[in-house]
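**Student:** coords below, sequence missing:
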DNA sequence: ATGGCTATGTAGCATAGA
């Protein structure tokens, strides 16, 4: 089984890229973020025609998440239980024996802004919920755009970014609390190339200049980690015409 | 270099992303 995550930055614009990538990579499960599409306009028929079941929770203009799966999905849950949030940032579903959580964690805008505090509160609720999910599901995978670069090696210019949103202490501490629940950073289970990133700014040729950040992650429970044989960032779609600013990352469980 | 790009909603720019 291959599970993947990709912030598509508008599913409407990126649908051709998504369909090409599904055809090429043949992932079993794909988590999408920033679909920016209300449910009534979700392109479910195109995705089903490509051989995937799909569960989605979206809104106009902002946010929006979806889970695609070749196998049937059950127990679909949108949003964090008990946490009131207008923004469509989470959907979870079970595929075979694996619990999949797809998350678009808030950006936070700037340290100590209103949105930053929303991000920290959101992460607190997320952590509480995941602790509960871990008790119920031995095989748990939490995929998505975390909007946190966990360590300096995940940042192209750590000095320039020091203390800023995406790398600030409080955000990284929140990320480490997820790890402390007994979730592993799938990407770091394996040796990886230096300057491995999942997001590059559209401006200033950042992708070509390798000026990126690793902010999209696949966190997995110990039982899944024991089964994981590979975890890779797929750079190819970021080089396509009119790309998302994020590129997919996937993990394999034979 | 406090800009630089892209997407959306909506009709000339504002907001948001990261």
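**Tutor:** Happy to help now that I have it. Keep in mind that this is a model prediction, so the values were computed, not measured. Numbering: from 1, shown residues only, chains lettered A, B, ... in the order given.
**Student:** pretty sure residue A:55 belongs to a strand, no?
**Tutor:** Yes - checked against DSSP: H, G, I helix; E, B strand; the rest coil, residue A:55 lies within a strand.
**Student:** Of all residues in chain A, which one is closest to DNA strand B?
**Tutor:** Per Cβ to the nearest atom of the strand, residue A:10 is where chain A lies closest to DNA strand B, at 3.2 Å. Glycine gets a C-beta too; all of them are placed from N, C-alpha and C.
**Student:** ok, and the closest non-adjacent residue to that residue?
**Tutor:** Excluding its sequence neighbours, the residue lying closest to residue A:10 (Cβ to Cβ, 6 or more residues apart in numbering) is residue A:36, at 4.7 Å.
**Student:** what ranges do the strands span in the stretch 151-254 of chain A?
**Tutor:** With strands called from DSSP state E, counting those that start in this stretch, the stretch 151-254 of chain A shows them at A:184-185, A:199-200, A:212-213, A:216-220, A:230-233, A:249-252.
**Student:** Could you single out the most deeply buried of those?
**Tutor:** strand A:216-220 (a mean of 26; mean count of other Cβ atoms under 10 Å).
**Student:** Quick one: distance of that one to the chain centre.
**Tutor:** 7 Å (Cα atoms, centre = their mean, to the nearest Å).
**Student:** Give the burial count for the residue of chain A closest to DNA strand B, as a bare number.
**Tutor:** Using other Cβ atoms under 10 Å, the number of residues around residue A:10 comes to 14.
**Student:** my read: it touches residue A:33, true?
**Tutor:** No - counting by Cβ atoms under 8 Å, residue A:10 does not reach residue A:33; the two are 10.9 Å apart.
**Student:** Tell me the secondary structure of residue A:100, please.
**Tutor:** Quick answer, by three-state DSSP: residue A:100 is strand.
**Student:** Tell me who's in contact with the residue nearest to the spatial centre of chain A.
**Tutor:** Residue closest to the mean C-alpha point of chain A, counted by Cα atoms, centre = their mean, is residue A:144 at 1.1 Å. Listed by Cβ atoms under 8 Å, 6 or more residues apart in numbering, the contact partners of residue A:144 are A:5, A:7, A:31, A:33, A:65, A:101-105, A:216-217.
**Student:** cutoff 7 Å now
**Tutor:** A:5, A:31, A:33, A:102-105, A:216 (Cβ atoms under 7 Å, 6 or more residues apart in numbering).
**Student:** Show me which residues of the stretch 101-250 of chain A are close to DNA strand B?
**Tutor:** Proximity of the stretch 101-250 of chain A to DNA strand B (Cβ under 7 Å from any atom of the strand) is limited to residues A:106-107, A:109, A:115, A:145, A:147, A:165-166, A:199, A:201-204, A:213, A:215, A:242, A:245-246.
**Student:** Show me which helix runs longest in chain A.
**Tutor:** helix A:114-136 (DSSP state H).
**Student:** Contacts for that helix next, please.
**Tutor:** Counting by Cβ under 7 Å, 6+ apart, A:80-81, A:83, A:99, A:101, A:103, A:105-110, A:140, A:142, A:165, A:170, A:174, A:177-178, A:181-182, A:221 sit against helix A:114-136.
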